[in-house]
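>>> model this:
(2 chains)
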Amino acid sequence: MLKQMAQMENNGKKLMSLLKKRGYIQPAFELYGGIAGLYDYGPLGGRLKSNVNKMWLNHWIALGNIVEIDSPTITPKEVLMASGHIGAFNDFASECKSCNSIFRSDHLLEEIHPNPDSLSQEDLFSEFENNLIKCPTCKSSKWSIPQPLNLMFSTTIGASKNGRTAYMRPETAQGMFLQFPTISRFFRGKLPFGAVQLGKGYRNEISPRQGIIRLREFNMAELEYFIDPKKSTSHNLEIWNDTLLKLIPDGSESKQKELETTIFDAVKNGIVKHETVGWFMIKTYELMIDLGLNPEFLRFRQHEKNEMAHYATDCWDLEIFGSYGWIECVGIAHRGSYDLEAHDKFINTNDLKIWRDFETEKVIEKTVCSPVQSVIGPKFKNYSKAISEKLLKIKNIPESFPFELEVGEETFLIQKEMVEIKDIKTVDRGEWFIPHVVEPAFGIDRIIWHILEHSYNEINKKDDENYTILSLNKKIAPLNFAVYPLYEKDGMKQKADSISQLLREVDGISVIYDGSKSIGRRYARGDEIGIPFAVTVDLQTIEDETITIRYRDSQEQERITVSELLDFATKIV
RNA sequence: GCGGAUAUGGUGAAGUGGUUAUCACCUGAGGUUUCCAACCUCAUGUCGUGGGUUCGAUUCCCGCUAUCCGCACCA
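Numbers count the residues shown, from 1 in each chain, chains lettered A, B, ... in the order given. Here you go, the predicted model:
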């Protein structure tokens, strides 16, 4: 395995050349010099991405209580204030007024202040003024007021000056939270349920690096699974008892030891703290294997306590190994009620809550002093409302009338006809609560990169020339079939054309025809871009309607009839 | 953002202060060839970008942009 790992690091560059050359991925806007952190998916990459998305979506929709939604990428400021993306968590940047260099404010104060990270905007500025901090570039000490360093792209909604400030969403998750009322109504308020969204996210990274690993505009796929924190979950984790996962639990004491265990044991032993998190871990692992990733190169790492967002109770990253090392590609977090609660604070409604019946009704019987409004109103006028409220709260019902009632600083005399002593029975049948959420969040670009890396193989076919095979899973390969006539003559071209067309009529199947250069070269071209099946038409095809089908990974061929081929094609996707 | 390196056809590379920039692979056309990058002929396509020095810059210098490697940041 170590050998394999070393090999992979070498292959990274060769793979990137191949992907660029053949139309999988490439830096975007290259004709204009390129922009860091923005990439294009080409003729093959575009299709690959949509196949990966489709497989991801089907995997979760198949659970039965998951729906797909879609929401705008442009998000008004208020939403991101509520969610915590703007505000308390921002770092500040200072600009040097003489040379226009920009620096992290707290970094420049590191030698002066013990904890510059905690300073407010004003305090930062006064520290700059008082200590005559010098610009590292030009040694000047004239600084602008520190500005929040925002990693979100901002824009304005509306063409006029008074438009509303908005940002390109940094995650798709807010869409699910804001649609919670609709989703909840769709499931008629019965937890657990969830929603997914596939789409673009934007982060204005300071320095995007590592190809498509860290992008400024990226494809994400997030699932929000809402649960009742008081109801125990029942996932049957034992059915995966023959699958060993590599886990790295948070262990400040045990020094991050990797262990191999089943998900059932990990939950039972409390390594994974919540059963639903464990369930999503194994379901995620299952999906990764389906996508064609190498299980040897998958592991889950638990966030350390100090690394975890403060509201999260448990968080595991799925890390995939490739030429950039172990890269986190999926985050599975138990976020408690944080997100919905954050929005709940800004709006006054039960829409973000779920009703829960108590197991047994709570019957409360009490005797109250019920105000008679028709008497109290005319008598006390402006004070009547406060008096009525106070009367209802009296615990020891007075036995004789009149009695004195203190409301604020005034005292009122309550006569017998002003109140009615009543026995009241109320029944508490349940309560509103904010559900908890478990969030698996997938970086689609990162996953695609590793699918390509794990699929990349070089074999020695003859002498020392390397022969490249991209062993993409047949379900996600951008092209399913290549049809080659042995030569473009004697009717073989026409025959190959018509077989291509028959294959194309199979739903979801994409086919290319290639008739130029030698047959060996065409096989090689197809293997390099990961076409799983090559169909070759020769003279015998014209006589008896049989073709040879060649399997990319084994390089072996067999002869079957055209109708067998069509039947085979329907079973791929 | 800091430090270091790099930037030449689609890909990978060579080279130069001076006429028309080199090679391999790839790609296209024609020929040949009856199953794994064969061969022959022909063809298309390149000095990241802006400025400076110079009679002349792809080459030397500076800025910008991008890429790679560390650090930092992010998750």
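>>> measure stretch A:181-195 end to end?
12 Å (CA to CA, to the nearest Å).
>>> how distant is it from the center of its chain?
Distance of stretch A:181-195 from its chain centroid, counting by CA atoms, centre = their mean, to the nearest Å, is 19 Å.
>>> so which residue of chain A comes closest to RNA strand B?
Nearest residue of chain A to RNA strand B, counting by CB to the nearest atom of the strand: A:Gly520, 2.3 Å away. For every residue, glycine as well, the C-beta is placed using N, CA and C.
>>> Where does that residue sit, in terms of helix or strand?
Take DSSP states H and E as the rule and A:Gly520 turns out to sit in helix A:519-528.
>>> buried stuff in that helix?
Of all the residues in helix A:519-528, those buried under the rule 16 or more other CB atoms under 10 Å are A:Ile519, A:Arg522, A:Tyr523, A:Arg525, A:Gly526, A:Asp527, A:Glu528.
>>> What does the pLDDT read for the residue lying closest to the last one once chain neighbours are set aside?
I take that to be A:Glu528. Closest residue to A:Glu528 apart from its sequence neighbours, by CB to CB, 6 or more residues apart in numbering: A:Thr468 at 4.9 Å. Per-residue pLDDT puts A:Thr468 at 92.
>>> A:Thr468 pairs with what?
Legend: beta-bridge partners of A:Thr468 under DSSP bridges are A:Glu458.
>>> My read is that it contacts A:Arg525, right?
No - the pair A:Thr468 / A:Arg525 is not scored as a contact, 10.2 Å apart, by CB atoms under 8 Å.
>>> Would you verify that A:Ile364 is located in a strand?
Yes - judged by DSSP: H, G, I helix; E, B strand; the rest coil, A:Ile364 forms part of a strand.
>>> and it, how many neighbours?
As a burial measure, A:Ile364 scores 10 neighbours (other CB atoms under 10 Å).
>>> do A:Ile332 as well
Neighbours of A:Ile332 using other CB under 10 Å come to 27.
>>> go on, A:Ala221?
A:Ala221: 22 neighbours (other CB under 10 Å).
>>> Now do the same contact list for it.
A:Asn53, A:Trp56, A:Leu57, A:Thr172, A:Val196, A:Gln197, A:Leu198, A:Ala441, A:Phe442, A:Ile444 (CB atoms under 8 Å, 6 or more residues apart in numbering).
>>> Same check on A:Gly46?
A:Gly46 neighbours (CB under 8 Å, 6+ apart): A:Pro478.
>>> Let me see the domain layout of chain A.
Per automatic domain parsing, the structural domains of chain A span A:46-73+A:169-339+A:437-446, A:76-164, A:360-430, A:479-570.
>>> Could you tell me the least trusted of these?
domain A:76-164 (a mean of 70).
>>> Endpoints of it, how far apart?
One end of domain A:76-164 sits 7 Å from the other (CA to CA).
>>> One more: stretch A:72-79?
The straight-line separation of the ends of stretch A:72-79 (CA to CA) is 12 Å.
>>> How about stretch A:334-343?
18 Å.
>>> Pull out the buried positions in it.
Quick answer for stretch A:334-343 (16+ other CB under 10 Å): A:His334, A:Arg335, A:Gly336, A:Ser337, A:Tyr338, A:Asp339, A:Leu340, A:Ala342, A:His343.
>>> Of the residues you listed, which belong to helices?
Among the buried residues of stretch A:334-343, DSSP state H puts A:Tyr338, A:Asp339, A:Leu340, A:Ala342, A:His343 in helices.
>>> Put together a markdown table for those residues, with distance to A:Gly12 on each row.
Shown next, in a markdown table, are these (distance: CB to CB, whole Å):
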| residue | distance to A:Gly12 |
| --- | --- |
| A:Tyr338 | 37 |
| A:Asp339 | 36 |
| A:Leu340 | 41 |
| A:Ala342 | 40 |
| A:His343 | 42 |
